[in-house]
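> I would like the atomic coordinates for the input below:
(one chain, ligands or ions: 2)
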Amino acid sequence: MLEQEIKIPASHAASYRIIIGMDILGSLWSRVEADFAGYNKFVVTDENLVSAGHLQKLLGREKAPTFIIKPAGETSKNIDTAVAIIEAMEKAYLGRDTLVVALGGGTVGDIAGFAAAIFKRGVLVLHIPTTTVAQADSSVGGKTGVDSSISKNAFGAFWHPAAVYIDVATLATLDDRQFRAGLVESVKHAIIADSEYFDFLECNLDAVFGRKPDVLEQVANWNCKIKGSVVEADPGEKNLRRILNYGHTIGHAVEAASGFELLHGEAVAIGIIAAGLIEIEMKLAEPGRLERIRQILQKLNVPVTLPKELADKDLIDLIKRDKKAVNKWPKFVLISKIGEVYSHDGQYVVDVAPEVVEKVLDKL
Ligand SMILES: NC(=O)c1ccc[n+]([C@@H]2O[C@H](COP(=O)([O-])OP(=O)(O)OC[C@H]3O[C@@H](n4cnc5c(N)ncnc54)[C@H](O)[C@@H]3O)[C@@H](O)[C@H]2O)c1
Ligand SMILES: [Zn+2]
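Ligands and ions are numbered 1, 2, ... in the order given. All right, here's what the predicted structure looks like:
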């Protein structure tokens, strides 16, 4: 079992522990009880975690009030579900001494974290992430939220977890497309922060696809180290944390243009290729670098070119609507080499002219 500690001194949590192991789900409840004695536990999960047997494995013979999100997935990530969770906690007579335990992917984590952030002005939340997205990304970092009918994460709060317990064996039951798309965030972490991790992924992808627990444990450990150190240095996303947005500016536009038919990771893969093409245009790339990145993404079986049906969509218009845009144009995260983000005047987001982006979109 591996352990890490993330320090966020300015937050209510101050610091939290990440535990990573294989096949530890069945022992986690007693750990939760020991580490958070004195707190009333309330579990939030979704219907697929129940049918996969993970909720039963977590609880064993113990009983805890539980809210099961139905249907699973993004359609339930809304304010109505958050309200239903809060009212279920009220009906269970829970107070400020509550620990919300979120068992599931990023959807469960975001909703449960948000409900915890606003219930009685904030109670503890503990994440047990069960997807490649959640184990690499959403469970670490403290971003929580739900969607409005107009935009994603319209309601939200920074609410750091009290702890994150990861069992990589839970990934065994995850659908293959979700599994592969979620790994794009791992590739992104390697590209922006650690060339050794990139080499490791290149060499071990078959073992990752085989869901070999010891390799998945190392992948989770690397991801949490990278994301954790970035979040520690810049919890409020003033500068450094924006490097996590690599590939996301064009990725988000592609995801929206597809009407969310593409999974987030699939759209980000296209966005990562677009960032690589921008780097070539701006003479920031060494020869062959983009090819290495393209190959690893191809092995993940995620798209690396713009699907034909999106060719006539107005991606530039969608890029102008990016939530981080200032004067209708966002800045971009680029790399100077694999493992290192390009910075200019101490800033990790840089200007890229719309003409350069247009040219790159034509090549995608
Ligand atoms: N807070 C953050 O920093 C952050 C970061 C990245 C993504 N997100 C959010 O995360 C959400 C996406 O999360 P996701 O990709 O994990 O999707 P998800 O939580 O919707 O899970 C995908 C599907 O897999 C099922 N599932 C989950 N774990 C399973 C398992 N072990 N076995 C079988 N089925 C399982 C779920 O029920 C769901 O149907 C989005 O809403 C996104 O905005 C948040
Ligand atoms: Zn992402």
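> close to ligand 1, is stretch 157-177?
Yes: contact of stretch 157-177 with ligand 1 is found when judged by Cβ under 6 Å from any ligand atom, involving 170-171, 173-174. No exception for glycine: its C-beta is placed from N, CA and C like everyone else's.
> just the buried ones from these?
For these, a burial check counting by 16 or more other Cβ atoms under 10 Å picks out 170-171, 174.
> the nearest residue to residue 219 once chain neighbours are set aside: neighbour count?
Of all residues not flanking residue 219 in the chain, residue 186 sits nearest, at 5.9 Å (Cβ to Cβ, 6 or more residues apart in numbering). The local packing count at residue 186 equals 26, with neighbours defined by other Cβ atoms under 10 Å.
> got the contact list for residue 186?
Contact analysis of residue 186 by Cβ atoms under 8 Å, 6 or more residues apart in numbering lists 132, 136, 201, 219, 222-223.
> in a markdown table, list those residues along with secondary structure.
Written out in a markdown table, the entries for the contacts of residue 186 read as follows (DSSP: H, G, I helix; E, B strand; the rest coil):
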| residue | secondary structure |
| --- | --- |
| 132 | helix |
| 136 | helix |
| 201 | helix |
| 219 | helix |
| 222 | helix |
| 223 | helix |
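> which of those sits closest to ligand 1?
Closest to ligand 1 out of the contacts of residue 186 is residue 132 (7.5 Å), distances taken as Cβ to the nearest ligand atom.
> burial count for residue 67?
The local packing count at residue 67 equals 23, with neighbours defined by other Cβ under 10 Å.
> same question for residue 359.
Tallying neighbours of residue 359 according to other Cβ under 10 Å, which is how burial is gauged here, yields 13.
> same check, this time on residue 10
Other residues near residue 10 come to 10 when the count uses other Cβ under 10 Å.
> same thing with residue 294?
Neighbours of residue 294 under the rule other Cβ under 10 Å: 16.
> just the pLDDT for it.
Note for residue 294: predicted pLDDT of 98.
> may I have the phi/psi pair for it?
Its backbone dihedrals place residue 294 at phi -60, psi -40, with angles given as degrees, to the nearest 10.
> what parts of the stretch 51-200 of the chain come near ligand 1?
For the stretch 51-200 of the chain, the residues in contact with ligand 1 (Cβ under 6 Å from any ligand atom) are 52, 72-74, 77, 104-108, 110, 130-131, 133-134, 137-138, 141, 143, 152, 170-171, 173-174, 178, 182.
> take these and keep only those in strands.
When these are checked against strands using DSSP state E, the ones located there are 104, 143.
> and the strands in the stretch 201-350 of the chain?
Chain-ordered strands for the stretch 201-350 of the chain, with DSSP state E, counting those that start in this stretch as the definition, fall at 335-337, 340-341.
> who wins for proximity to residue 159 among these?
Put simply, out of these the one that sits nearest residue 159 is strand 340-341, at 26.5 Å, with distance taken as Cβ to Cβ.
> got the domain ranges for the chain?
Residue ranges for the structural domains of the chain, counted by automatic domain parsing, are given in the record as 2-174, 239-363.
> pick the most deeply packed of those.
The highest mean neighbour count among these, using mean count of other Cβ atoms under 10 Å, belongs to domain 2-174: a mean of 20.
> what's the mean pLDDT across that one?
In this model, domain 2-174 carries a mean pLDDT of 96.
> now the helices for the stretch 151-300 of the chain?
For the stretch 151-300 of the chain, the helices defined by DSSP state H, counting those that start in this stretch occupy 176-193, 195-209, 213-233, 248-257, 264-281, 289-299.
> elements contacting the last one?
Taking 3 or more Cβ pairs under 8 Å, 6 or more residues apart in numbering; DSSP states H and E as the contact definition, the neighbouring helices and strands of helix 289-299 are helix 176-193, helix 195-209, helix 264-281.
> what do you get for the second one?
Helices and strands touching helix 195-209, as assessed by 3+ Cβ pairs under 8 Å, 6+ apart, comprise helix 176-193, helix 213-233, helix 289-299.
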